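Student: coords please:
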Amino acid sequence: MRVLMVEDHEELAQTVAAGLRREGMAVDVVLDGHAALDRTSANHYDVVVLDRDLPGLHGDEVCRSLIGSGHPARVLMLTAAGTIEDRVTGLGVGADDYLPKPFAFAELVARIRALARRSRPALPPVLVHGDLRLDPATRIATRDGQRLPLSPKEFAVLELLLAAGGAVVSAEQLLERAWDEFADPFTQTVKVTISRLRRKLGDPPLIETVPQAGYRI
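Tutor: Alright, predicted model coming up:
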């Protein structure tokens, strides 16, 4: 999944983003509300983790703008103010969930994953294709009962291909959904990841290259 982290405390933002990347998410970071709107107008995000108390453009205004523009991302609002009134106000402007600071990182991850599931069509809890099984919740993929030693990016690409249900997924779509803003669109990153993934999946081959279109399982 792709996540936008909007937090004016840069050290906190980068620390949380690093942790989310270790959990297999593609994460972009911005430090103010105006940058958040610029980024969401250009990219697709599954979840926006939004600090409510932003300088300049308040988090409430960012949330209202996202809802008003029809952006599909789910909004998880963060704030140091954890009163009932604050939560009601945050949810009232359109946030999908609310988490007061300080928060447990494991809870943040669980809430982001829950919101991401709501941002796209419902999928079975375990994705299965023949003898290949992928469990997004436990981050485990197996083939013929054997666990596959996948990197976070390989796991993300495999999950996207399985979730497509046999439809072709372009290299551009894989790059947008599985990588963050630092990915160079002109590199061979997707091609190299697909090649490694094929080796780890073994025989018979599962990933088909569709010329001029992309990849599918």
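Student: lowest average confidence, helix or strand, in the protein?
Tutor: Ranking every helix and strand in the chain by mean pLDDT, DSSP states H and E puts helix 84-92 at the bottom, with a mean of 68.
Student: mind checking the end-to-end distance for stretch 38-54?
Tutor: Separation of the first and last residues of stretch 38-54 by CA to CA, to the nearest Å is 15 Å.
Student: actually stretch 169-187, sorry about that
Tutor: The first and last residues of stretch 169-187 sit 18 Å apart, counting by CA to CA.
Student: that older thread, helix or strand right after the least confident helix or strand of the chain?
Tutor: strand 97-100 (DSSP states H and E).
Student: So which other helices or strands are in contact with that following strand?
Tutor: Helices and strands touching strand 97-100, by 3 or more CB pairs under 8 Å, 6 or more residues apart in numbering; DSSP states H and E, are strand 74-79, helix 84-92, helix 105-118. Bear in mind the C-beta positions are built from the backbone N, C-alpha and C, glycine included.
Student: can you map out the strands along this structure?
Tutor: Counting by DSSP state E, the segments of the chain that form strands are 2-6, 26-30, 47-51, 74-79, 97-100, 127-129, 132-135, 140-143, 146-147, 208-210, 214-216.
Student: Comparing those strands, which comes out most buried?
Tutor: strand 47-51 (a mean of 27; mean count of other CB atoms under 10 Å).
Student: and the angle for it with strand 2-6?
Tutor: With axes from the mean of the first three to the mean of the last three CA atoms, to 10 degrees applied, the angle from strand 47-51 to strand 2-6 works out at 10 degrees.
Student: Mind listing residues that contact strand 47-51?
Tutor: Contact partners of strand 47-51, identified using CB atoms under 8 Å, 6 or more residues apart in numbering, comprise 1, 3-9, 16, 36, 40, 59, 62-63, 66, 73-79, 95, 108, 112, 115-116, 119.
Student: Quick check: can you name the pairing partners of that strand and their directions?
Tutor: Partners of strand 47-51 in the sheet, by DSSP bridges, are strand 2-6 (parallel), strand 74-79 (parallel).
Student: For residue 191, which of those strands is the nearest?
Tutor: Among the strands paired with strand 47-51, strand 2-6 comes nearest to residue 191, with 20.0 Å by CB to CB.
Student: export the closest one as CSV, just CAs?
Tutor: The C-alpha trace of strand 2-6 is given here as CSV (Å, rounded to 0.1, in the frame of the first residue of the first chain):
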residue,chain,number,x,y,z
ARG,A,2,1.1,3.6,-0.5
VAL,A,3,0.9,6.0,2.5
LEU,A,4,1.4,9.8,2.8
MET,A,5,2.7,10.9,6.2
VAL,A,6,1.8,14.5,7.0
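Student: That's all I had, so thanks and see you.
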